[in-house]
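S.K.: got a predicted structure plus its sequence, pasted below:
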Amino acid sequence: MGKKKKKQTPLMRQYFEIKEKHPGTILLFRVGDFYETFADDAVLISKELGITLTKRNNGGDQTPLAGFPYHALDSYLPKLVKRGFRVAICEQTEDPETAKKAGKKIVNREVTEITTPGVTMSEKLLDHKRNNYIVSIFWAGGTVGVAFSDISTGEFGLSQVGKTELDSLIQSLQPSEVLIQKKLKNSVPEILKSNNITFIEDWVYEGDYGYKILTEHFKTHSLKGFGVEDLEIAHHAAGSLLHYMQETQKSSLGHLKRLYAYENSEYMSLDGSTKRNLELTSSMQEGGTDGTLVSILDATSTAMGGRLLRKWIMRPLKKAETIENRLEAVDELVKDHTLREELRDELDQVGDLERLISRISVGRTNARDLKQLQLSLAQITAIKRIIGQSGSVLIKSINKRLKLLIDVQERINGALVEDPPASIRDGGIFDEGFNEDLDELREIARNGKKYIAEIKNKLAKDAGIPSLKIGYNKVFGYYIEVTNTHKDKVPEHFIRKQTLVNSERYITPELKEVEEKVLSAEDKSKTLEGELFEELRLYVAEFAEDVQQIATAIAELDCIQSFAEVAFRNNYVKPEINEEDVVDVKKGRHPVVEKTLEAGEPFIPNDIYLDNSEFQILMITGPNMAGKSIILRQTGLLVLMAQIGCFVPAEKATIGLVDKIFTRVGASDNLAAGESTFLVEMNEAANILNNATPKSLILLDEVGRGTSTFDGLSIAWSLSEYLHNKPEVAAKTLFATHYHELNELEERYERIKNFNVQVKEHDGKVIFLRKLVRGGADHSYGIQVANMAGLPDVVINRAKEILSNLESHTLDVSHDGNGAMAQSAKKKEAAKKVTKEVEKQAELPQMTLFGSQIDPNVETLLNKLEAADPDRMTPIEAMLMLSELKRLVK
Ligand SMILES: Nc1ncnc2c1ncn2[C@@H]1O[C@H](COP(=O)(O)OP(=O)(O)OP(=O)(O)O)[C@@H](O)[C@H]1O
C-alpha cells in the first residue's frame, strides 16, 4: 500500500510475462547455459530437487532464484513430473549474438514444450511395458463423455459411459492425469478424486469447439469415418483432450491418426473392485506387480506386446469366435517349440515401434531413433518367414498386416552412419556419399585441419620452436601457443593475444584465413546435416500409420507367443469355450499362488463345477486358512484367463462364457477412502445385486463380516436367497463364509450346495488338506489356527475353556475379557441364536404357536411381514427390517 512499484529488470519482466501465460506450471527459464526458476517456483524446486536457493537483483528487489545447468534437465525434469508437477520449458529462440547485433537488450524466449504426468514423450518418464494415459472427462449428467490418449504411442479413444462403467474404465486405464472442467473444481466427482486432476477452462468443453478441433486435426469433414460421429457427449471430452495435448506439446501431433470408439459392451465387465481384488495388474499390498496375474502371464518380448497384454487382461472378451481364434493361435505355438523359440528370438530384437514413430512424428527425435526403426522393420522379414506357414486364422491375419516398408528401410539405411550420435546438432549423422554438398563441405573442413597441422609444423620449424602448438578456443578461434622458454624466438609477424603464466598465445593473418574456411565449412556442414535430417524425418513420418499398424500386429503376435510360452512353462491346458451355462474345472490351480508357495509345498488342485440348474450357489465353509479365498479367486482368474484367450492352470476346463465377474473379497480395501468397511461391503453387494445376470460369475468372500454377527448373517442369508430366487440375477456364485449356519440353505433351496475345504485334526493341531469336498463344515478350528499363529498357551487354553463352556451354555461370556478367541466363541454362540431367529422369521407364517400367543405386537409383526417384498429389498433394508421385527417379538 502506497509503496511505489519497483522497476523490474528486462529479464525479470520477460520472465513474469511468460510465467503469467502458463498458470499451474513450473517455468524453467533458459538463461545461457542454465535453466533458472524465480520467486515461488524457485522456492518449490529448491525444496523438491534439493538445489540451492539464492537471490537475484530485480530492480532493487531481491527475487528468490534456483537453477541448474541445462544438461541436468534430463535428470531433474522427470523428478518433477513424477511428483505430479507440470513443467514448462522456456528456451532462448534466437542466437544471443544476433540479438545483440540487432541492438536488442534481451533475447527472445518462448515456451517450447510443457511436460505433464499425462503428456510426455520422455523415455525417462515412461515405463516401456505400460501405457501412459491421459483422460478427459465431460461430466454431463447421467452419461459421461470420456476420451483417453497415450501421446507416446499415438492411441486416441473415446467412449460414453454411465458412472459405474466410468469407475471400471478408469481402473483399466490407470491414467497419470485426468482433465475436467474448471467449474467442477469445488465438486470433483467422487470416482475421480484419487486421480491427478488438471482443471481446464470451461469453454474448451463447450459448444462445438470439440468437434471442430477434432475435424481440423484429422482433416476430415466429419467423424463418420471413425464410427464415432454419434458419440456427441464424448466429442467434448476428446476435443478438450486434443486441445490440451496440442497446447502442451506445441506441435501438430501428426501421429494421432485415428480416433476409435472404446466399446464397453464388447468386453466382459469387470468393475473397479474386481480388478483390484483379483490383483490383475497391481497387487493389493504394495501396488506393485509382484503376485499379480500380469506378472505370471508376461513373457512378452517387446514393449508393445507388454502394453497390449495389460489391456487384454483388463478387457476379457465375450465373443466365442474371437476367443477361439486366440486360443487356436496359442495352441499352435505351444505345440511347435521351434516355431515359438525362433519367433521369440526375432521379437526380442524389435524396438518400440509405437513410441519410435510417435517421437519421429512430433520431431522430438534423433538419428538413433531412425536407425532403430530401420533395424526393427528389418526384423519383420524374418518374422514373416517364421509365421508364413501358420494355419491359425489369427496368425495369418497378423502376417497379412505386417508390411515390410522396404522403401523406408532402404532410405534410412542409405542415409545414416552405422552408429549415429544422439545429438542432431553436431553433425556426423549421414554416411559419406549420401549427399554431394555435404561431402564437399566435410572435405574442406578436413583439409583445413590438415592444413592447420601443416602450418604448425612449418611455423615450429621456421621459428626453431619444436614445442610450438596450435590450439583452439571459442574466444580467439585458432591460436599459436609458445611457452615462456621460447618467447624470445617468436617472429615479429605473430600478433600477441593472451599472456598465460607459462606461455603466450598469438595469431597470424594466415592462420585466421584458414580458420575462416574450416569453421565456416564445419558450420555449414552441420547446418546441412540438420536440414537433411529434418527431410528424412518428415519422409519417415509420412508412414506413421503404417508403422502403427505393424506395431499393433507385432503386439498381438507377441501376446500370443507370451501366452504359449507361459502355458508351456507352467503346464496349462487349452480351455474349452462354449455358450452353455456351465463352468467345469478339473484339478484347477491358482496361477499365482502355485508359483509363490514355499519350496517343497505342493499346490493342491481342486475341481469346481457351477451351473444354472443344480450347482448355482456353492456355499463354501471351512476353517480359517483352509484355502477358501484361494478357491474363489482361482475360479475367477481361470474364467478370466480363458476369456482373454489364454490357456489355464488345470487338467481340464470347460468354460461357458461369462458376461461379468463380480467380487466381494476382503474387508479392508477402501478404508483409505474414508468409508467404513461395512459401507464398502454393502455398496459392493448392492452393485452386484443390481447388475448381475444369469451369465455372471459372483465371488463372495465372507460377506457380512464387517458388522455384528446378527446383522452379518442376516445379510448373507438374504443375499443368497435373493441370488437364488430372482431369475434375472441368478448368477453362478461362490460364497465363502464362516457362518456355518448358512449350510441350512442347502435344504431349503434346490440350487444351493454346500462345500467345505477339508482339514484334519491331529494331536490338537489342524492339518490343512486344501481339498474342496461336498458338505458343510461344522467346526471352525479358530483356536487351533490361533495356536499355530503362536498365541501364548495361556490364552489358547483359556479360549478352549471358554469355548467348551459356551458350547454347554454355562458361562456368560459378556463378563469375560476381550480376548480374540472369546470373541470368536461368542460369535459362534450368537450365530446360533441368530440362525434360530432367521429360521423363525422365515417360517413365521406357518407357525401356529405364534398365533396363539397373546402378544399385542404379533399382528403388527405379521402385517409387516406380509407387506414386505424380500425380492425388492436391498440387504440393508432387510437388515433393518429384521432388527425391527426382533424388537417386536422381544
Ligand atoms: N490349494 C492350495 N494348495 C496349497 N496351498 C494353499 C491352497 N489354498 C490355499 N493355500 C495356502 O493357504 C493360505 C490361506 O488360504 P486362504 O486365504 O484361501 O484361506 P481362507 O480359508 O480364505 O482363510 P480365512 O478364512 O482366514 O480368510 C494361502 O495363502 C495359501 O498359502
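M.R.: Arrived safely. These numbers come from a predicted model, not from an experiment. Numbering: from 1, shown residues only.

S.K.: mind naming the longest helix for this structure?
M.R.: helix 509-541 (DSSP state H).

S.K.: how near is Q174 to Y15?
M.R.: Applying Cβ to Cβ, to the nearest Å, the value for Q174 to Y15 is 36 Å. Backbone N, C-alpha and C define where each C-beta goes, glycine included.

S.K.: what ranges does the stretch 51-200 of the chain have for its helices?
M.R.: 73-82, 96-101, 163-173 (DSSP state H, counting those that start in this stretch).

S.K.: of all those, which lies closest to the ligand?
M.R.: helix 163-173 (23.3 Å; Cβ to the nearest ligand atom).

S.K.: from the chain's centroid, how far away is that closest one?
M.R.: 13 Å (Cα atoms, centre = their mean, to the nearest Å).

S.K.: list the buried residues for stretch 288-303?
M.R.: For stretch 288-303, burial by neighbour count (16 or more other Cβ atoms under 10 Å) applies to 289, 291-303.

S.K.: from those, which are also near the ligand?
M.R.: Applying Cβ under 6 Å from any ligand atom, the subset of those adjacent to the ligand is empty.

S.K.: on that earlier part again, next, the angle helix 509-541 makes with the next helix or strand after the longest helix of the chain.
M.R.: Following helix 509-541 in sequence order, the next helix or strand is helix 544-570 (DSSP states H and E). Angle, helix 544-570 to helix 509-541, by axes from the mean of the first three to the mean of the last three Cα atoms, to 10 degrees: 70 degrees.

S.K.: now do the helix or strand following helix 544-570: distance to the chain's middle.
M.R.: Using DSSP H and E, the helix or strand that directly follows helix 544-570 along the chain is strand 576-578. Centroid separation for strand 576-578 versus its chain: 30 Å, with Cα atoms, centre = their mean.

S.K.: what does stretch 517-530 give?
M.R.: Distance, centroid of stretch 517-530 to centroid of chain: 45 Å (Cα atoms, centre = their mean).

S.K.: still on that earlier bit, in helices only, show me the buried residues of stretch 288-303.
M.R.: Checked against DSSP H, the buried residues of stretch 288-303 include these in helices: L293, V294, S295, I296, L297, A303.

S.K.: check which helix or strand covers the nearest residue to the first one once chain neighbours are set aside.
M.R.: With Cβ to Cβ, 6 or more residues apart in numbering as the criterion, L293 has its nearest non-adjacent residue at 5.0 Å, and that residue is L280. Secondary structure assigned from DSSP H and E places L280 in neither a helix nor a strand.

S.K.: how about E324, what does it touch?
M.R.: By Cβ atoms under 8 Å, 6 or more residues apart in numbering, the contact list for E324 reads I577.

S.K.: would you list the phi and psi of it?
M.R.: Phi and psi for E324, reported as degrees, to the nearest 10, are phi -60, psi -40.

S.K.: mind checking pLDDT for it?
M.R.: Looking at E324, its pLDDT stands at 97.

S.K.: cool, and the one 4 residues further on?
M.R.: On the pLDDT scale, E328 is placed at 98.

S.K.: ok, it to the ligand distance?
M.R.: When distance is defined by Cβ to the nearest ligand atom, to the nearest Å, E328 is 30 Å away from the ligand.

S.K.: and that residue, that one's in a helix?
M.R.: Yes: with DSSP: H, G, I helix; E, B strand; the rest coil as the criterion, E328 is part of a helix.

S.K.: is it in contact with S397, as I believe?
M.R.: No: using Cβ atoms under 8 Å, E328 makes no contact with S397, being 11.9 Å away.

S.K.: more neighbours, those two?
M.R.: The residue with more neighbours, out of E328 and S397, is E328; 17 against 13, by other Cβ atoms under 10 Å.

S.K.: now that one, nearest residue through space, not along the chain?
M.R.: In space, E328 is closest to S392, 5.3 Å off (Cβ to Cβ, 6+ apart).

S.K.: contacts only, for that neighbour.
M.R.: N325, E328, A329, D331, E332.

S.K.: SS state for the closest residue to T485 other than its chain neighbours?
M.R.: Among residues not flanking T485 along the chain, S467 sits closest, at 7.9 Å (Cβ to Cβ, 6+ apart). Here S467 is coil, with the state taken from three-state DSSP.

S.K.: one step back: buried deepest among the helices of the stretch 51-200 of the chain, which one?
M.R.: Mean neighbour counts were compared across the helices of the stretch 51-200 of the chain using mean count of other Cβ atoms under 10 Å; the top stretch is helix 163-173, at a mean of 19.

S.K.: let's see that one as CSV, backbone CA atoms only.
M.R.: Provided in CSV are the C-alpha atoms of helix 163-173 (Å, rounded to 0.1, in the frame of the first residue of the first chain):
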residue,chain,number,x,y,z
LYS,A,163,-21.0,-43.6,-13.8
THR,A,164,-20.4,-47.2,-12.7
GLU,A,165,-18.7,-48.1,-16.0
LEU,A,166,-16.6,-45.0,-15.6
ASP,A,167,-15.0,-46.4,-12.5
SER,A,168,-14.2,-49.6,-14.3
LEU,A,169,-12.8,-47.7,-17.3
ILE,A,170,-10.6,-45.5,-15.1
GLN,A,171,-9.4,-48.6,-13.3
SER,A,172,-8.2,-50.2,-16.5
LEU,A,173,-6.6,-47.1,-17.9
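
S.K.: residues of the stretch 501-650 of the chain that sit close to the ligand?
M.R.: V593, L597, F603, I604, G622, N624, M625, A626, G627, K628, S629, I630.

S.K.: in strands only, show me those residues.
M.R.: Among those, none falls in strands (DSSP state E).
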